[in-house]
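1. Just need the structure, nothing else, for what follows:
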Amino acid sequence: MRRTPIELAAVASAAVPGLAPTAVSSAPDDAADFDAALLLDSAGKRWRVRSPRHIEASTRLETELLVLRVFSPAIRAELPFLMPTVAGTVRQGELTTFVYSHLSGRTRSIEDLTRGSARMSRELGAAMAAIHDLPPSIVQDADLPSYTANEFRQRKLNELDQAATTGQIPAALLRRWEHALEDVALWRFKPCVVHGDLHEDNILVEGERVIAVTGWTDLRVGDPADDFAWLVAANNQKFVDAILESYSASRKDAPDRHLIRRAALSAEFALAQWLVKGIAAEDGRMVAEAKEMLAALESDIAQYGGQPISVEPPPAPSAPPAPSSPPSAAAAPANAAAPADPADAAPQAQPAEPADAGEAKDARDVSQAKEPAPARQAPAKFSVAPIPADDDTHTDDAAGPESPANGTVSRP
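-> Residues are numbered from 1 along each chain as shown. Model (predicted):
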């Protein structure tokens, strides 16, 4: 059930005693999972309301509440950015609506971020390093998932098997991803705390500074490459390199050499996860979009080679053995016609591109694992005045709903 901003304002009044909204506007969010609004109260304070549309989305918000509670004031003080604070909740049936204290800053599109200054890249790299250097105990205290490198790889293989059962993933992509997941050298990394849903819609910036990081619903100990997937999907190698340089300089542990390869795999595989999620939700629009993006990715890889993901080169397709000697003309059938031109013969196999082109080569034009933002609903005539837009407020012009880029889609 969809809730309008004015309905969310009424729910927020019940969640936070004394909250009296005087202005309201819709807020960008994952349109498949949440309704969201931004409120202004009589004291001039701003609030953000998130209301889940189904049980799985409500569970994610409840998980985020557990996560935010384990971030003690001491841990928050060490972070170079702010985090959300839950001000109140209201349970309606099986769903729980959350009200958060508003954070300053605003989201920017990935295109705007890639055009940002060197300082913006340094800020993003330092913020990601701070997340990955968090103590694993915060994940354990919240009873959240924790994976070793091999457990994480096996989990991805299981997800690949699930995606393959749909029968709607191009065979070339399944072979590419399976080869990468079976390439053991690619999966030698040290697990760390991972945000799990990091992308531009969960990063609030002000000027050239990262102000806050939101969307803490998928925190876990796992592969740090998952938090880089949204950057690789931007298809701007210079931007990725600048962030990786800042990230490497800020982290306590040096990142492994194959982090970007796994991030590229995560960005591609997010499309398959988006398809599986659409099928499970019986959402024809999601399924159609996922199939379209998968077809575009397959075409791009066939034409340009794609971003390197495997360390070992994929096995060359087997060809039928050539005859030891050409058959005599007498042995050929009388009606068999010889090729009129040598060009009509089978093409020679081309040598495989070295896998170690690696992180040094420019990223190819891989189809972005980003769900197109749906057309926004025209604002209704509310009895509460709309919130005036300013530079520190989420507006309807901000980035759209959650996407499959970041390997950051809600994982089925």
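2. Tell me which stretches of the stretch 151-300 of the chain form helices.
-> With DSSP state H, counting those that start in this stretch as the criterion, the stretch 151-300 of the chain has helices at 171-182, 229-232, 237-250, 259-280, 284-304.
3. And those helices: which comes nearest residue 163?
-> The minimum distance between residue 163 and the helices of the stretch 151-300 of the chain falls on helix 259-280, with 4.1 Å, by Cβ to Cβ. To be clear about C-beta, it is placed using only N, CA and C from the backbone, and glycine gets the same treatment.
4. other SSEs contacting that closest one?
-> Packed against helix 259-280 by the contact rule (3 or more Cβ pairs under 8 Å, 6 or more residues apart in numbering; DSSP states H and E) you find helix 149-164, helix 171-182, helix 229-232, helix 237-250, helix 284-304.
5. quick one: average pLDDT of the longest one?
-> For helix 284-304, mean pLDDT is 94.
6. Go ahead and confirm residue 49 touches residue 6.
-> No: counting by Cβ atoms under 8 Å, residue 6 is not a contact partner of residue 49; they are 11.0 Å apart.
7. what's the neighbour count on residue 106?
-> Number of residues near residue 106 (other Cβ atoms under 10 Å) recorded here: 21.
8. Would you list the phi and psi of it?
-> phi -150, psi 160 (degrees, to the nearest 10).
9. and what of residue 92?
-> phi -130, psi 100.
10. count of residues packed around the closest residue in space to it that isn't next to it in sequence?
-> Nearest residue to residue 92, sequence neighbours excluded (Cβ to Cβ, 6 or more residues apart in numbering): residue 11, at 7.6 Å. Residues near residue 11, counting by other Cβ under 10 Å, number 21.
11. how deep is residue 22 tucked in, by neighbour count?
-> 14.
12. ok, residue 46 to residue 23 distance?
-> 9 Å (Cβ to Cβ, to the nearest Å).
13. ah, wrong one, I meant residue 204
-> Taking Cβ to Cβ, one finds residue 204 at 20 Å from residue 23.
14. Could I get the average pLDDT for whichever strand or helix holds residue 6?
-> Assessed by DSSP states H and E, residue 6 sits inside helix 5-15. The predicted model assigns helix 5-15 a mean pLDDT of 90.
15. list the helices and strands it packs on?
-> With 3+ Cβ pairs under 8 Å, 6+ apart as the test, helix 5-15 has strand 21-26, strand 34-41, strand 46-52, strand 86-92, strand 95-101 packed against it.
16. give me every residue that touches residue 100.
-> 47-50, 84-87 (Cβ atoms under 8 Å, 6 or more residues apart in numbering).
17. One more: residue 204?
-> 103-107, 210-214.
18. at 7 Å instead, please
-> For residue 204, the contacting residues are 103, 105-107, 211-212, 214, by Cβ atoms under 7 Å, 6 or more residues apart in numbering.
19. Please apply the same query to residue 146.
-> By Cβ under 7 Å, 6+ apart, the neighbours of residue 146 are 136, 139-140, 220-221.
20. hmm, try it at 6 Å
-> 139, 221 (Cβ atoms under 6 Å, 6 or more residues apart in numbering).
21. what sits opposite it in the beta ladder?
-> Residues in a beta bridge with residue 146, per DSSP bridges, are residue 221.
22. how near is it to residue 59?
-> According to Cβ to Cβ, residue 146 and residue 59 sit 19 Å apart.
23. again with residue 257
-> For residue 257, the distance to residue 59 - Cβ to Cβ - is 36 Å.
24. so where's the protein uncertain?
-> 1, 315-412 (pLDDT under 70).
25. which of the residues in stretch 86-99 are buried?
-> 86-90, 95-99 (16 or more other Cβ atoms under 10 Å).
26. Now for these: which two are most distant?
-> 87 and 95 (17.9 Å).
27. coming back round to it: comparing the helices of the stretch 151-300 of the chain, which comes out most buried?
-> When you average the neighbours per residue for each of the helices of the stretch 151-300 of the chain (mean count of other Cβ atoms under 10 Å), helix 229-232 leads with a mean of 29.
28. Quick one: distance of that helix to the chain centre.
-> Its chain's C-alpha centre and that of helix 229-232 lie 7 Å apart, by Cα atoms, centre = their mean, to the nearest Å.
29. helices or strands up against it?
-> Applying 3 or more Cβ pairs under 6 Å, 6 or more residues apart in numbering; DSSP states H and E, we find helix 229-232 packed against helix 259-280.
30. so how far is the helix it packs on from its chain's centroid?
-> Using Cα atoms, centre = their mean, the offset of helix 259-280 from its chain centre is 8 Å.
31. CA atoms only for that helix, dumped as PDB, please.
-> Output of helix 259-280 as PDB, limited to C-alpha atoms (Å, rounded to 0.1, in the frame of the first residue of the first chain):
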ATOM      1  CA  LEU A 259      39.400  -5.800  -5.100                       C
ATOM      2  CA  ILE A 260      38.400  -3.900  -8.200                       C
ATOM      3  CA  ARG A 261      38.000  -7.100 -10.200                       C
ATOM      4  CA  ARG A 262      35.500  -8.500  -7.700                       C
ATOM      5  CA  ALA A 263      33.700  -5.100  -7.600                       C
ATOM      6  CA  ALA A 264      33.200  -5.300 -11.300                       C
ATOM      7  CA  LEU A 265      31.800  -8.900 -10.900                       C
ATOM      8  CA  SER A 266      29.500  -7.600  -8.100                       C
ATOM      9  CA  ALA A 267      28.300  -4.800 -10.300                       C
ATOM     10  CA  GLU A 268      27.400  -7.200 -13.200                       C
ATOM     11  CA  PHE A 269      25.900  -9.800 -11.000                       C
ATOM     12  CA  ALA A 270      23.600  -7.300  -9.400                       C
ATOM     13  CA  LEU A 271      21.600  -7.300 -12.600                       C
ATOM     14  CA  ALA A 272      20.900 -11.000 -12.100                       C
ATOM     15  CA  GLN A 273      19.900 -10.400  -8.500                       C
ATOM     16  CA  TRP A 274      17.600  -7.700  -9.600                       C
ATOM     17  CA  LEU A 275      15.900 -10.100 -12.000                       C
ATOM     18  CA  VAL A 276      15.500 -12.700  -9.300                       C
ATOM     19  CA  LYS A 277      14.000 -10.100  -7.000                       C
ATOM     20  CA  GLY A 278      11.600  -9.000  -9.700                       C
ATOM     21  CA  ILE A 279      10.500 -12.600 -10.300                       C
ATOM     22  CA  ALA A 280      10.000 -13.300  -6.600                       C
END
